[in-house]
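Student: Need coordinates for the following:
(chains A and B)
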Amino acid sequence: MAVALALSALQQNINLFYTPSQIVSGEAPVGTRIRAGGMVERGSLKRSADSLDVRFIVGDGIQRIPIEYHGILPDLFREGQGIVALGKLNASGVLIADEVLAKHDENYMPPEVTKALKDSGAYQQFTNQKGS
Amino acid sequence: MIPELGHLALILALCMAVVQSTFPLLGAWRGNQQWMGLAQPAAWGQFTFLLFAFGCLTWSFLTDDFSVTYVAENSNSLLPWYYKFSAVWGAHEGSLLLWALILGGWTFAVSIFSRQLPEDMLTRVLSIMGMISTGFLLFLIMTSNPFSRLLPQSPVDGNDLNPLLQDVGLIVHPPMLYMGYVGFSVAFAFAIAALLGGRLDAAWARWSRPWTLVAWTFLGIGIVLGSWWSYYELGWGGWWFWDPVENASFMPWLVGTALIHSLSVTEKRGVFKSWTVLLAIAAFSLSLLGTFLVRSGVLTSVHAFASDPTRGVFILAFLLVVVGSSLTLFALRAPVVKSQVSFGLWSRETFLLVNNLILVVAASTILLGTLYPLIIDTLSGAKLSVGPPYFNALFVPLMVILMMALAIGMLVRWKTTPLRWLQGMLVPVLIASVVLGMLAAFMLGDFHWAVLAACSLASWVVLAGLRDLQDKTRHKGWIQGIRSLSRSYWGMQAAHLGLAVSALGIVLSTQFTAERDLRMAPGESVELAGYHFVFDGTQHFEGPNFKSDYGTLRVSKDNRNVAVLHPEKRLYVVQRSVMTEAGIDAGFKRDLYVALGEPLEDGAWAVRIHIKPFVRWIWLGGVLMAIGGLLSMSDKRYRFKVRQRVSQSLGLKEAQV
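Tutor: Now for the predicted structure:
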């Protein structure tokens, strides 16, 4: 019984990861908490003038999605870097994030993002940019 | 030259470990005294060489020898000397060397302090520790040599230590954690030695228990330090994230907690022997699993240094060998050591069993949540994560049951307890704790069921402890009675009090925390939970290896100044990474916590303000548990060289949990 309980709790609390391409093609559910990630597009970060609302665009080299967040971004959040956001998609395809993760040093890329970029074939392009 | 000597010392230590793990074991099997006699000198030799190797690496750090790869990657000439020192274990290779050194130290300690053990037993214990050491030294030398050089093009300056690790808490955190992880190897070695020798009795439990207590205490301190560090250093104000790496250290601690309880039953009553052995194997295996998870790079976090897959494979293989061989041995030998003692339903044995079951189930659910994403990733390639709600949903109810059972477990006696007597003891405690819980829930502010439950449970545990104290001292009067109680009894009381304090801290700080993230320009102010925060802007200043924006916030309450907080945003120059240093006004009843987010235009900053009531209690409870462990370990029955079995009557009176 304990095992059944544990498994059902597990089932309810899994956050699946989706790439921007998957989200644009409609594979990700709307209104459920998901993880999404990619590279923050350069020049896409927009802050509100009087609150902590931010909006930025994340892409995997093929598709891009807007993310909205209210609060303080992590120390290592920078444009041109890989991040993972947790939140819910709204009806117009914007991810309303309640948590944004950008850990480690500037060369670090979340493994999900690495995989997403590799899948889309854009990994080489991003790593080259970093090297230059 | 110095690094080469260190490398040589490592290889010699490996040779010693091989000797230590083979000949003495064969000697114990064949009854060859001379071969058995090799165990101690080999253990001492191994420890000496490891100490020397560690000294060499430390020397390379302190003298800025950047021709050594590991030093170049993790240090910098600008780094203050104490961080140069702690950088020795700041990354993979050095931390493994520390692991090996601590293992050598534990082996040395066992050979010194356990001379009263029968010779074949001590020999077996040392041999098994030698085997573990052989595995780790092989790993160190083959895949992660800290002494390898960057020649001929050695860099002029190093790459600096990860700024997250440049902190006092982090100087102490890893050694403490390792003392715990590695310390469980002693319990493991004792269990395996007992299986090999077919001698699984109360004496075995008595030898093994103080070592387990020390390991458990250190691991507890390590976890508390880690949690405290993440609270003030990460700038989020959180103290536990159910991060896989945290879980990796928490699981062995939970199983270790079960182990010290189950050892006490084996020691006093001679039951649960096989179970205790299994727990000892599990605690050490989980420690190894923790090392694997943290060091192999399968998880991503501050702790995951190694991205070299061969390392992960090596630890995984080692883990499988350890778990596989010890379980095989268990399966072969365990039936020999069956016990024949019976006990009633309302007995201390039953309640310690309940304790064990709950702790093991808790550890298993955490294990499931931690490994599930890894398993799914390997099987189907899908990336997912298990959120904190999963862990909370399962862990919290388990702890509630644990605390309910704990109070009864303190009062019930060995073998069996008259139910009527137990009711007489506990009904007043139950009523008092519910009343206290209600009072606290209504007085502390808004009513929450969680607060009522937590306060009642904490009172239940504490009052039951007091009730037991009263019962223990009823014949001698308070002063005389209190003096006559053993240290391990006080240890038990302190640790249980610690659990209650931690539980209160966790629930109260979670329920009553007030927080706001907002934009603040210099001169602006904000009210939060009765406190008035005024932002005075930031100043620029230069540290030894970083540049800082040094903020100032004045806090007042009812027009009286409470504190001036200085949150910082630091840019570490070499690694170009930004770090948040929170400004904290610590207090017994509440913490004021301020962190700077990012700079906005016109000197304004994104500011995070938290008021966290009772948050210190979480760690205070952890410290109390550690004190409990130390008290219990220093009990005089573990100190005497030769002790006969403590008589049954004494065993009944002494509340030894």
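
Student: Now the residue most central in space within chain B: closest residue in space, sequence neighbours ignored.
Tutor: Nearest to the geometric centre of chain B sits residue B:219, at 2.5 Å (Cα atoms, centre = their mean). Spatial nearest neighbour of residue B:219, chain neighbours left out: residue B:180 (2.5 Å); criterion: Cβ to Cβ, 6 or more residues apart in numbering or on different chains. To be clear about C-beta, it is placed using only N, CA and C from the backbone, and glycine gets the same treatment.

Student: didn't that neighbour look like it was pressed against residue B:253?
Tutor: Yes. Between residue B:180 and residue B:253 there is a contact at 7.3 Å, judged by Cβ atoms under 8 Å.

Student: which neighbours do these two share?
Tutor: B:216, B:219-220 (Cβ atoms under 8 Å, 6 or more residues apart in numbering or on different chains).

Student: Which of those residues fall in helices?
Tutor: Members of those lying in helices (criterion: DSSP state H): B:216, B:219-220.

Student: mind pulling up the phi and psi values for the spatially most central residue of chain A?
Tutor: The residue lying closest to the centre of chain A (Cα atoms, centre = their mean) is residue A:37, at 2.4 Å. Dihedral pair for residue A:37: phi -160, psi 170, per degrees, to the nearest 10.

Student: Residue B:554 too?
Tutor: According to degrees, to the nearest 10, residue B:554 has phi -100, psi 140.

Student: swap in the one 5 residues further on?
Tutor: Dihedral pair for residue B:559: phi 70, psi 10, per degrees, to the nearest 10.

Student: and it, how many neighbours does it have?
Tutor: 6 (other Cβ atoms under 10 Å in any protein chain shown).

Student: buried sites along stretch B:50-68?
Tutor: For stretch B:50-68, the neighbour count (16 or more other Cβ atoms under 10 Å in any protein chain shown) marks B:50-58, B:60-61, B:64-68 as buried.

Student: do the same with stretch B:115-131
Tutor: B:117, B:120-131.

Student: hmm, who's touching it?
Tutor: Residues contacting stretch B:115-131 (Cβ under 8 Å, 6+ apart): B:17-22, B:24-25, B:27-28, B:36, B:39-40, B:42-43, B:46, B:103, B:106-107, B:110-111, B:114, B:185-186, B:188-190, B:192-194, B:196-197, B:199, B:204, B:207, B:641-642.

Student: So which of the residues you listed are in strands?
Tutor: Among those, no residue falls in strands (DSSP state E).

Student: by contact count, what packs against the helix or strand where residue B:499 lies?
Tutor: Using DSSP states H and E, residue B:499 maps to helix B:487-512. Helix B:487-512 is packed against helix B:388-411, helix B:449-472, strand B:605-613, helix B:616-633, with contacts defined by 3 or more Cβ pairs under 8 Å, 6 or more residues apart in numbering or on different chains; DSSP states H and E.

Student: I'd like the average pLDDT over it.
Tutor: Averaged over helix B:487-512, pLDDT sits at 94.

Student: do you know how far residue B:127 is from chain A?
Tutor: Plainly put, residue B:127 is 38 Å away from chain A if you go by Cβ to the nearest Cβ, to the nearest Å.

Student: next one: residue B:515
Tutor: Applying Cβ to the nearest Cβ to residue B:515 and chain A gives a distance of 10 Å.

Student: Now residue B:356: closest residue in space, sequence neighbours ignored.
Tutor: Residue B:356 sits nearest to residue B:258 (Cβ to Cβ, 6+ apart), 4.5 Å away.

Student: which secondary structure elements does the helix or strand the one you found falls within contact?
Tutor: Per DSSP H and E: residue B:258 is located in helix B:244-269. The contact analysis (3+ Cβ pairs under 8 Å, 6+ apart) places helix B:244-269 against helix B:168-197, helix B:202-233, helix B:273-295, helix B:348-380.

Student: Quick one: these as JSON lines, columns for distance to residue B:410 and mean pLDDT too.
Tutor: Below are the helices and strands packed on helix B:244-269 laid out as JSON lines (distance: least, Cβ to Cβ, whole Å; pLDDT from 0 to 100):
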{"stretch": "helix B:168-197", "distance to residue B:410": "24", "mean pLDDT": "90"}
{"stretch": "helix B:202-233", "distance to residue B:410": "18", "mean pLDDT": "91"}
{"stretch": "helix B:273-295", "distance to residue B:410": "20", "mean pLDDT": "88"}
{"stretch": "helix B:348-380", "distance to residue B:410": "8", "mean pLDDT": "89"}
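
Student: Distance to residue B:87 for those helices - can I get that in TSV?
Tutor: TSV is the format used below for these (distance: least, Cβ to Cβ, whole Å):
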stretch	distance to residue B:87
helix B:168-197	10
helix B:202-233	16
helix B:273-295	17
helix B:348-380	28
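
Student: For chain A, find the nearest of the helices and strands packed on helix B:487-512.
Tutor: With Cβ to the nearest Cβ as the criterion, chain A lies closest to helix B:388-411 of these, at 3.7 Å.

Student: For the chain, give me the ranges with low pLDDT.
Tutor: I went with chain A, as the question did not name one. Applying pLDDT under 70 to chain A flags the ranges A:2, A:103-113, A:115-117, A:120-132.

Student: try chain B instead
Tutor: Regions of chain B meeting the criterion pLDDT under 70 cover residues B:295-309, B:335-340, B:639-657.
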